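1. any chance you could fold what I've pasted below:
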Amino acid sequence: MHTIRLTMAQALLRFLDQQYISVDGHETKFVRGVMGIFGHGNVTGIGEALERSAGSLTYIQGKNEQGMVHAAAAFAKQKNRLQIYACTSSIGPGALNMLTAAATATVNRIPVLLLPGDNFASRQPDPVLQQLEVAGDYSLSANDPFKAVSKYWDRIVRPEQLMTAAHQAMRVLTDPAETGAVTLALPQDVQAEAYDYPEAFFAKHVHYIDRRPPAREAVNRAVDLMLGKKRPLIIAGGGVLYAGATKELAEFAEAFHIPVAETQAGKSSLPWNHPLHVGAIGVTGSRAANILAREADLIIGVGTRYSDFTTASKSAFAHPDAQFININISGFDASKLNGIGITADAKETLGTLFHALSAHYYESGYESGYVEHLKAQWEQEVDRLYALEHTEGMAQTRALGVINQTIDPSAVVVCAAGSLPGDLHRLWRSTEPKTYHMEYGFSCMGYEVSGTFGVALADPHREAYAIVGDGSYLMLHSELLTSLQEGRKITILLFDNHGFQCIHNLQRGHGSDGFGNEFRYREAATGKLTGSYMPIDFTAHARSLGAKAYKAGTPEELREALLKAKEETVTTLIEIPVVPGTNTDGYESWWQVGVPEVSESEKVLKAHEEMKNRIQAAKPI
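-> Predicted coordinates for the structure are as follows:
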């Protein structure tokens, strides 16, 4: 047996450089490179290996560990999970900074490989700088919390353990039903230890993702159920896009005249102007989709995990005979809501169901023109909101309308948190697949700028726009600098509404007078954060980092700034002041939150009673 003597870190990189993925006969190199921030837990191990033994892997210098993992996750999401970046950090705080982003990736079923440094396996320099000492279990380190947010977790305490762990990591990362964050904790001494690795460990390895066909029995059960249903509704989730099933979705809906609503992850599965596209579903949904959901006697979920925003806290489906067919590559998601689960590839399943239903000449029972009428009404509402004027400044919906009508249809918009996801889900008109990139599984503040950089890495031929509120921007914007460093232009559309206005609206809608959510000075007289708004010059901040920047306070200025930004060759920020509270809300939807049963405020008590009544009226599923 031929062997190669390498350090564990060198062997890991050589292994990653030989991983490929194949779908439908198309082969792709799986690991593009490594994003990292070096510290004493990784700089002399994997850092040295990246410096001298990286092979074809590209190294990208992150500026914040959470931000770089968000960028890696966004890259993988935009690539339909067919290519990834690994992320390396030092021990202790550097590693823990990746924890939130790891959870974000896992919740969204997005593959990221995390390589945090760890304590010395030998324990001889114990305790080392940044080591977390747990007196009752000395085997624990700051990397053990990753177990809760990882789909696979391992600690490499001997260099030869890498061979087993690396193969297991690839198994999970390349499995569309199981993927998410994978963590390999790397003790800093073991990274530098050498071992005679078998040459075969570094051979090219192709991971084949075979499209899983639906079981005949499952298809028969679904067909039998559908034949007795007159008002079906399709909910298109992210699985439609990951499976490349947009064509099959359109053909299926058209053949049987079934309206299609979209989740946040599934938006852009159908173009907005398709006659059967009825918009967003659920809490942030359109009136058309939510009326159809309420009346539906069958819901066909395709690649959705049915979050509470999709189901409106399980109140969306009010028909007494409503039943579910769940098409999902994950058996866990296919089993939800007591539905008939078809654990299979979305593209394969839609094609199989198409032929099976066609043999029975199935067609939905919607009255002629009913779906089209609801859609037309909703599009009129979008037009109204896009043109909305406000006496105090620019309404948020007006700004979104200008952006939607000005940027290229092929551009990608990225968002994650605040009131903007709701407005974008309801109002944004996508005409091409993969142009709407929303992280709403975790709705993680700070994803937007980092994620847009990841999209620009994945799809450099499209313009990439971060649509972000001031609160989320202030929380995490460090990869703006990385985009400049890498020459990957992004455009940041910063909506300045003076604080965390989405949550401000939520608390006031449930009895609060408003507390702790706006960026105001503390008043000396009252001791409270109720003074004037804090003036923040976001354009000056962006320019100080090397970006171009504009400020647009009117629709005309915004349109002009967007056209100028398109001509820029480097990352550009447009600061957009909008009137707080001018976001959308309602539209036949409801979201369950905890409202205090005991309070000094009559408004809170009233809100509690209203919430209790809604819970009692909701259909248990």
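2. excluding sequence neighbours, find me the nearest residue to the spatially most central residue of the chain.
-> Nearest to the geometric centre of the chain sits Glu439, at 2.3 Å (C-alpha atoms, centre = their mean). Of all residues beyond its chain neighbours, the one nearest Glu439 is Ala416 (4.2 Å), with distances taken as C-beta to C-beta, 6 or more residues apart in numbering. From N, CA and C alone the C-beta is placed, and that goes for glycine too.
3. surely the one you found and Val449 touch.
-> No - Ala416 is beyond contact range of Val449, at 9.9 Å (criterion: C-beta atoms under 8 Å).
4. where in this protein is pLDDT low?
-> Applying pLDDT under 70 to the chain flags the ranges 502, 504-506, 508-509, 511, 591, 617-621.
5. what about 90?
-> Residues of the chain that meet the criterion pLDDT under 90 lie in 1, 126, 497-521, 527-528, 530-534, 580-621.
6. walk me through the domains of it.
-> 3-208, 216-374, 387-498+534-577 (automatic domain parsing).
7. could you dump these to TSV with distance to Pro596?
-> Output for the domains of the chain, formatted as TSV (distance: least, C-beta to C-beta, whole Å):
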stretch	distance to Pro596
domain 3-208	28
domain 216-374	18
domain 387-498+534-577	23
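8. among the ones you listed, which comes closest to Ser599?
-> Ser599 lies closest, by C-beta to C-beta, to one member of those: domain 216-374, at 21.6 Å.
9. roughly how far is that closest one from the heart of the chain?
-> 21 Å (C-alpha atoms, centre = their mean, to the nearest Å).
10. again, but for stretch 577-592
-> For stretch 577-592, the distance to the chain centre is 21 Å (C-alpha atoms, centre = their mean).
11. again with stretch 513-529
-> 33 Å.
12. and that stretch, which residues are buried?
-> 517-520, 529 (16 or more other C-beta atoms under 10 Å).
13. tabulate these in JSON lines, adding columns for secondary structure.
-> What follows is the buried residues of stretch 513-529, written out as JSON lines (DSSP: H, G, I helix; E, B strand; the rest coil):
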{"residue": "Asn517", "secondary structure": "coil"}
{"residue": "Glu518", "secondary structure": "strand"}
{"residue": "Phe519", "secondary structure": "coil"}
{"residue": "Arg520", "secondary structure": "strand"}
{"residue": "Leu529", "secondary structure": "coil"}
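14. thinking again about what came up before, what touches both of Ala416 and Val449?
-> Val468 (C-beta atoms under 8 Å, 6 or more residues apart in numbering).
15. could you give the backbone dihedrals for Val595?
-> phi -120, psi 130 (degrees, to the nearest 10).
16. that one is in contact with Gln507, isn't it?
-> No - look at Val595 against Gln507 with C-beta under 8 Å: they stay out of range, at 10.2 Å.
17. for the residue nearest to the centre of the chain, give me its contacts.
-> Applying C-beta under 8 Å, 6+ apart, the residues near Glu439 are 70, 73-74, 77, 104, 108, 414-416, 447, 451.
18. again, only this time at 10 Å
-> Glu439 makes contacts with 70, 73-74, 77, 104-105, 107-108, 110, 264-265, 414-417, 421, 447-448, 450-451, as judged by C-beta atoms under 10 Å, 6 or more residues apart in numbering.
19. give the residues shared as contacts by Val595 and Gln507.
-> If you check Val595 and Gln507 against C-beta under 10 Å, 6+ apart, the residues they both contact are Val604.
20. show me where the stretch 401-550 of the chain has its strands.
-> 412-415, 436-438, 464-469, 491-496, 548-551 (DSSP state E, counting those that start in this stretch).
21. looking at the ones you listed, which is closest to Ile615?
-> That would be strand 436-438 among the strands of the stretch 401-550 of the chain, by C-beta to C-beta, at 27.5 Å.
22. hmm, back to that, got the buried residues of stretch 513-529 as a markdown table, with distance to Met8 columns?
-> Converted to a markdown table, the buried residues of stretch 513-529 look like this (distance: C-beta to C-beta, whole Å):
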| residue | distance to Met8 |
| --- | --- |
| Asn517 | 47 |
| Glu518 | 50 |
| Phe519 | 47 |
| Arg520 | 52 |
| Leu529 | 51 |
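23. with those residues in mind, which one is nearest to Ser89?
-> Distances from Ser89 to those, taken by C-beta to C-beta, are shortest for Phe519, at 30.7 Å.
24. just checking, the closest one touches Thr530?
-> No - with contact defined as C-beta atoms under 10 Å, Phe519 does not reach Thr530; the gap is 11.8 Å.
25. now the end-to-end length of stretch 317-328.
-> 20 Å (C-alpha to C-alpha, to the nearest Å).
26. buried stuff in that stretch?
-> 317, 319, 322-328.
27. which of the residues you listed fall within strands?
-> With DSSP state E as the criterion, strands contain 323-328 from among the buried residues of stretch 317-328.
28. dump those to JSON lines, plus distance to Glu199.
-> Below are these laid out as JSON lines (distance: C-beta to C-beta, whole Å):
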{"residue": "Gln323", "distance to Glu199": "56"}
{"residue": "Phe324", "distance to Glu199": "51"}
{"residue": "Ile325", "distance to Glu199": "49"}
{"residue": "Asn326", "distance to Glu199": "45"}
{"residue": "Ile327", "distance to Glu199": "43"}
{"residue": "Asn328", "distance to Glu199": "40"}
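29. quick check: the farthest pair among those?
-> Gln323 and Asn328 (16.1 Å).
30. Glu518 bridge partners, please.
-> Beta bridges link Glu518 to Gly499, judged by DSSP bridges.
31. gap between it and Thr452?
-> 26 Å (C-beta to C-beta, to the nearest Å).
32. now Gly581
-> Counting by C-beta to C-beta - Gly581 and Thr452 are separated by 26 Å.
33. same deal with Glu65?
-> 18 Å.
34. the two: who's more crowded?
-> Thr452 (32 against 28; other C-beta atoms under 10 Å).
35. so that one makes contact with Arg462?
-> No - shown here, Thr452 and Arg462 do not form a contact pair, counting by C-beta under 10 Å, at 11.1 Å.
36. shared neighbours of these two, which are they?
-> With C-beta under 10 Å, 6+ apart, Thr452 and Arg462 have common neighbours Val412.
37. please name whichever of the domains of the chain is nearest to Gln616.
-> Closest among the domains of the chain, using C-beta to C-beta: domain 216-374, at 10.8 Å.
38. kindly check the end-to-end length of the closest one for me.
-> With C-alpha to C-alpha, one end of domain 216-374 sits 36 Å from the other.
39. do the same with stretch 233-253
-> Note: stretch 233-253 ends 9 Å apart using C-alpha to C-alpha.
40. and if you look at stretch 441-452?
-> Span of stretch 441-452 from end to end, C-alpha to C-alpha: 17 Å.
41. show me how far that stretch is from its chain's centre.
-> Per C-alpha atoms, centre = their mean, the centroid offset for stretch 441-452 relative to its chain is 7 Å.
42. still on that earlier bit, do you know which of the domains of the chain lies nearest Ser589?
-> domain 216-374 (4.8 Å).
43. before we move on, the earlier item: between the ones in strands among the buried residues of stretch 317-328, which is nearest Glu248?
-> Ile327 (10.8 Å).
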